[in-house]
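Chemist: My questions are about this predicted structure, shown below with the sequence.
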Amino acid sequence: MTARRVGVALAAGRGVCVAAASTQSFHFDADALAAGDGATLTATLRAARCAVASDNAGPVDLHVALCAPWTAPRELSLPPMRARDAHAVLTRDHARHFPVARPEPVVALQPLRQGAWIAADADSAVLDAIARAATDAGYAATRIVPAAGAWASAAGAVTARAFVVDDECTMVSARQGRVTALRRRRAADAPTTEAAAEDALPLAARHAAVCTDLELVGRDVRARRLAGERRLTFRLLGAGVVALAVAAGVLPWGSSRRLADVEAARTVIQSAAQPVAARHDSLAAVQEARAAIRAARGTTPWSGRLAVLANALSNDAHFTMVRAAGDSAVVEGSAEDATAMLLRLRQATGVRSVRELPAAPSAGDARESFAAVVHFRGPGVR
């Protein structure tokens, strides 16, 4: 029986659901979804499933297209390497290659041309929350892709077309329904000469099911798929054992020959099954090691940032307090010209912005007190 399909596109706090011939807009709690709670989507997904499957007859699949801020697709240049190696590099150095830092990054990519890749990222907690909400709503299967892939499927073959959602414009070039070039910018900066699909969210929802690019799979879903593959492997091995036993029983050989054949087959099966069992037993240890590596690589480089603050000091200025948190630092100090000192901080390399704070009164001398919050650029972000 052919599964029926429901298409959903998600932006920041709002979405569009396409079920059968109807298109329905809805709103959801973006903060809850970002925290890994998919219950905010369950009621909408259940209503859409019921709309296409009367009396729960037949399976229904869910196809989800993610827009910003849930994913940030982009073109990347990498040295020549295999797709598996490129995936490992982008996952390991996620903060270097993508503009948005995610707690549990998941990466999907495909080659465009020599040395160029199209890649998209998402948070594993968000992907798993959507998959759980779809399961709770009764869907047979769930597939999640970036909206850019759905727009490429809608575009077919175009040199460039603009798709606008909220304040972001995505410029997509496509061939045979697949992305060949991609650029993202603010909607206000989009060229007026290129035709833009105003609020392209419904278009992404309608074409999510036919998108063949960049499937995003959360870690929980990937673990379940691996477990299913292992179960299938063991079943095939068991079927092989039964087949060998039956063949040994029907062939006109002596009992000793049959016993020897069964023992040999058992040895082969055990040798094939041992690596699978070992991988299963070590999966938890590998995941813990990967989490430790991610934590170590995500350590904020405060030694360099303190050097930036020190280099920004003028000869007549000094800090009286520096307090760091996340990617920002709160500084207090005094200088002969507080305004000039704040300007030096704003112009320092690696500083994204400076927000002035109320400063404590000066101690009665000619020096001026200053206080500010200094925001630094993230690693790999220019």
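Modeler: That came through, no problem.
Chemist: Strands of the stretch 251-382 of the chain, start to end?
Modeler: Here the stretch 251-382 of the chain has its strands, by DSSP state E, counting those that start in this stretch, at 318-325, 328-335, 351-357, 368-376.
Chemist: With distance to residue 95, mean pLDDT and mean neighbour count as extra columns, can I get those in CSV?
Modeler: (C-beta placed from N, C-alpha, C; glycine too.) CSV is the format used below for the strands of the stretch 251-382 of the chain (distance: least, C-beta to C-beta, whole Å; pLDDT from 0 to 100; neighbours: other C-beta atoms under 10 Å):
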stretch, distance to residue 95, mean pLDDT, mean neighbour count
strand 318-325, 18, 89, 12
strand 328-335, 16, 91, 19
strand 351-357, 15, 92, 15
strand 368-376, 13, 92, 19
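Chemist: Could you chop the protein up by domain?
Modeler: Using automatic domain parsing, the domain ranges for the chain come out as 4-217, 220-297, 302-376.
Chemist: pull the helix or strand with minimum mean pLDDT from this protein.
Modeler: strand 196-197 (a mean of 60; mean pLDDT, DSSP states H and E).
Chemist: Please name the residues that touch residue 226.
Modeler: Residue 226 sits next to no residue when contact means C-beta atoms under 8 Å, 6 or more residues apart in numbering.
Chemist: Name the helix or strand for it, please.
Modeler: helix 219-250 (DSSP states H and E).
Chemist: Likewise for residue 50?
Modeler: Secondary structure from DSSP H and E places residue 50 in helix 39-52.
Chemist: Skipping its backbone neighbours, what lies nearest residue 124 in space?
Modeler: Leaving aside its chain neighbours, residue 124 sits nearest to residue 104 (3.8 Å; criterion: C-beta to C-beta, 6 or more residues apart in numbering).
Chemist: now residue 146
Modeler: Nearest to residue 146 is residue 120, by C-beta to C-beta, 6+ apart, at 4.2 Å.
Chemist: And the one you found, how close does it get to residue 149?
Modeler: Here the distance between residue 120 and residue 149 works out to 8 Å (C-beta to C-beta, to the nearest Å).
Chemist: between the two, what contacts are shared?
Modeler: Common neighbours of residue 120 and residue 149, using C-beta under 8 Å, 6+ apart, are residue 214.
Chemist: any weak-confidence spans in the stretch 51-200 of the chain?
Modeler: 54-57, 157-158, 191-198 (pLDDT under 70).
Chemist: Show me the helices in it, by range?
Modeler: 83-92, 94-97, 124-136, 147-155 (DSSP state H, counting those that start in this stretch).
Chemist: Mean neighbour count added to these, as CSV?
Modeler: As requested, these are arranged in CSV below (neighbours: other C-beta atoms under 10 Å):
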stretch, mean neighbour count
helix 83-92, 15
helix 94-97, 18
helix 124-136, 23
helix 147-155, 28
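Chemist: what number of residues lie near residue 240?
Modeler: 14 (other C-beta atoms under 10 Å).
Chemist: So for it, what's the pLDDT?
Modeler: The model reports residue 240 with a pLDDT of 78.
Chemist: which residues sit in contact with it?
Modeler: Applying C-beta under 8 Å, 6+ apart, one finds that residue 240 lies in contact with 265, 269.
Chemist: ditto for residue 283
Modeler: Residue 283 touches residue 223, counting by C-beta under 8 Å, 6+ apart.
Chemist: Can you give me the separation between it and residue 179?
Modeler: Counting by C-beta to C-beta, the gap from residue 283 to residue 179 is 33 Å.
Chemist: likewise residue 27?
Modeler: Residue 27 is 29 Å from residue 179, where distance means C-beta to C-beta.
Chemist: which one of the two has more residues nearby?
Modeler: Comparing residue 27 with residue 179 by other C-beta under 10 Å, the one with more neighbours is residue 179, at 25 against 10.
Chemist: Now that one: closest residue in space, sequence neighbours ignored.
Modeler: Distance criterion C-beta to C-beta, 6+ apart; nearest residue to residue 179, sequence neighbours excluded, is residue 152 at 4.4 Å.
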